[in-house]
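> quick one, what's the 3D model for this:
(chains A and B)
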Amino acid sequence: MPLKQRSQSMTQRKSIPISPSELTPREVYLERRTILAQMGLGLMGALGGSVSLSAPAQAEQKLTGYRTTPFGHDEKVTSYENITTYNNFYEFGTDKEDPSNNAGTLRTRPWTITFEGAIKRPRQIGVDDLLHLFPLEERIYRMRCVEAWSMVIPWIGFPLQKLVQWAEPTARAKYVEFISLADPTEMPGIRRAVLDWPYNEGLRMDEAQHPLTLMAVGLYGEILPHQNGAPIRLVVPWKYGFKGIKSIVKIRFTEAMPISSWMKANASEYGFYSNVNPSVDHPRWSQATERRIGGGLFEARRKTLPFNGYAEEVAHLYSGMDLKKYF
Amino acid sequence: MVIPKRVVFVLALLPLLWISWLAFRDALGAHPVERVIHFTGQWTLNFLLITLTVTPLRQYSGWNGLLRIRRMLGLFAFFYGTLHLLSYAGIDQWFDWHAIVHDIVKHPYILAGLSGYLTMLPLALTSNAWAVSKLKTRWKKLHRLAYLVPALGVLHFTWLVKKDLTQPLIYGTLLLILLVLRLPFQSQWRATR
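Down below sits the predicted model:
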């Protein structure tokens, strides 16, 4: 049943009256995942280790040839339905349902990513070529939104670290800036100046090269649905979700700290670091607890963990810094 | 023309029936708690503004039958406001008083919302014939707070939204229109027309 549900086109999916409790039990998902992984392994052998991405025109294409990892295996994964219908992607509108309703117009092929700034030589690469450069892996990460809700998402991608190495930044590079597509013909939300388009985000070089930082190209064994940031997006699991910039078209290495769209929108509420931190409230709402999506009407909030539970891996990046000041 | 109160009563319960039906069907979306809180909050504002529409509508249309339903509409604003507050304190915070007090003290939008509710409380309690006769002229003065309540509601909404102010601005504009219609020169203009 979930399989059938998923094969529906995006425009059809929203109208199917289906209750969350009916969706993708964990066992079914795990079983599928194993099957896909096995298929992937088989395919990798057949194709001499290359990654196979079939015709990319549609959002629900199977991804094969990725390996699984132990990340997040103790977590209950959020349903595909919730991950793909409750989104913040203002380029397609500011309501949570807008991206899943409107992102059908996004054209994800051909898609070129430009590299510039403090690198040996500026270059461009098509997203499909990029996928062939690095082996894909699945990582189940917690995602904590600054609006105090969270999900658990089985991403597929590769560490940003590898892409940074490939881009060959020079010693002058202190930060990485990411820039999203901003095309008003494909993205209806761009026509309103809700944010300073194009959406941009940034990381310090050491954050970008941290092994947890992921460039995601898929989720739930499929290529990334448009509303989740197709064809390629950033995932930084210890930071608030808005740092995970979607539909990236440009990556720039800089000496100066990039000023992100949200910093420009409200510098007192959104800082450059935006690490998940239960002891630093957003000026207007609490960050101490969060609501896990999918828990229904009668589940309690859960405590938010420092660095979203990834403190062991990343806290050293910020040692000696006053995290109340550098929020 | 007279509007039967029973009809208004049933119509005003439709939003509650709708959200209950969605809850029963498990169809409240990815974030059902947020959905219920936003829904009851919006209907509180809707009823506050609908209540404020009665007087100007009556003055401009001469339809005096409208006045009979004003109290009920106001009480429905209080009813949805109570559901809104209860869903925040109950299904969202699980009556964690420590967290709720922290929220009130630290976060202005919560304070604005709670102030709005507390301002509504004396109005709801005095919405009966006994209180009207007991309070006499003071009743009218007290019930001028009905202008303050939606203003606090709009402020609450404005401070809550992350970036897109469209909806709070729509509510704010409607409230402003309803208040301007009450300015003295408006009634003079109508009288001399």
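> give me the next element, helix or strand, following whatever helix or strand B:L148 lives in.
Assessed by DSSP states H and E, B:L148 sits inside helix B:145-160. Sequence-wise, the next helix or strand downstream of helix B:145-160 (DSSP H and E) is helix B:166-180.
> from A:A265, how far off is the residue of the stretch 101-250 of chain A found nearest chain B?
In the stretch 101-250 of chain A, the residue that lies nearest chain B is A:V194 (5.4 Å; CB to the nearest CB). Every C-beta, even on glycine, is put in place using the N, C-alpha and C of the backbone. Going from A:V194 to A:A265 by CB to CB, to the nearest Å gives 8 Å.
> between those two, what contacts are shared?
Both A:V194 and A:A265 are contacted by B:K163, under the criterion CB atoms under 8 Å, 6 or more residues apart in numbering or on different chains.
> could you check which of the two has the larger neighbour count?
A:V194 (19 against 14; other CB atoms under 10 Å in any protein chain shown).
> hey, where'd the helices end up in the chain?
Using chain A. For chain A, the helices defined by DSSP state H cover A:2-7, A:10-13, A:26-46, A:80-85, A:98-102, A:127-133, A:160-167, A:205-208, A:261-265, A:311-314.
> was after chain B, sorry
Taking DSSP H as the test, the helices found in chain B are B:5-24, B:32-61, B:70-87, B:97-106, B:108-125, B:129-135, B:137-142, B:145-160, B:166-180, B:184-192.
> average pLDDT across the last one?
It refers to helix B:184-192. Averaging pLDDT along helix B:184-192 gives 62.
> same question, the second one
Helix B:32-61 comes out with an average pLDDT of 96.
> which other helices and strands contact that helix?
helix B:5-24, helix B:70-87, helix B:145-160, helix B:166-180, helix B:184-192 (3 or more CB pairs under 8 Å, 6 or more residues apart in numbering or on different chains; DSSP states H and E).
> which helices and strands does the fourth one pack with?
Packing partners of helix B:166-180 (3+ CB pairs under 8 Å, 6+ apart): helix B:32-61, helix B:145-160.
> with mean neighbour count added, can I get these in TSV?
Listed next are the helices and strands packed on helix B:166-180 as TSV, based on neighbours: other CB atoms under 10 Å in any protein chain shown:
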stretch	mean neighbour count
helix B:32-61	20
helix B:145-160	20
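> distance to B:K134 added to these, as TSV?
Shown next, in TSV, are the helices and strands packed on helix B:166-180 (distance: least, CB to CB, whole Å):
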stretch	distance to B:K134
helix B:32-61	22
helix B:145-160	17
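> right, and those helices - which one's nearest B:A112?
The closest of the helices and strands packed on helix B:166-180 to B:A112 is helix B:145-160. By CB to CB, the value is 4.1 Å.
> which bits of chain B sit near chain A?
Applying CB under 8 Å from any CB of the partner chain, we find that chain B lies next to chain A at B:23, B:25-34, B:36, B:91-94, B:99, B:102-103, B:106-109, B:159-160, B:162-164, B:166.
> buried ones among those?
Neighbour counting with 16 or more other CB atoms under 10 Å in any protein chain shown marks B:28-34, B:36, B:91-93, B:99, B:103, B:107, B:109, B:159-160, B:162, B:164 as buried within the residues of chain B next to chain A.
> does stretch A:141-151 reach chain B?
Yes: under the criterion of CB under 8 Å from any CB, chain B is reached by stretch A:141-151 at A:V146, A:E147, A:W149.
> and A:N308, how many neighbours?
A:N308: 24 neighbours (other CB under 10 Å).
> er, A:I251 I mean
Neighbours around A:I251, by other CB under 10 Å: 23.
> same check, this time on A:R121
Neighbours of A:R121 using other CB under 10 Å come to 8.
> quick check: it vs A:F253, distance?
The gap separating A:R121 from A:F253 is 12 Å, by CB to CB.
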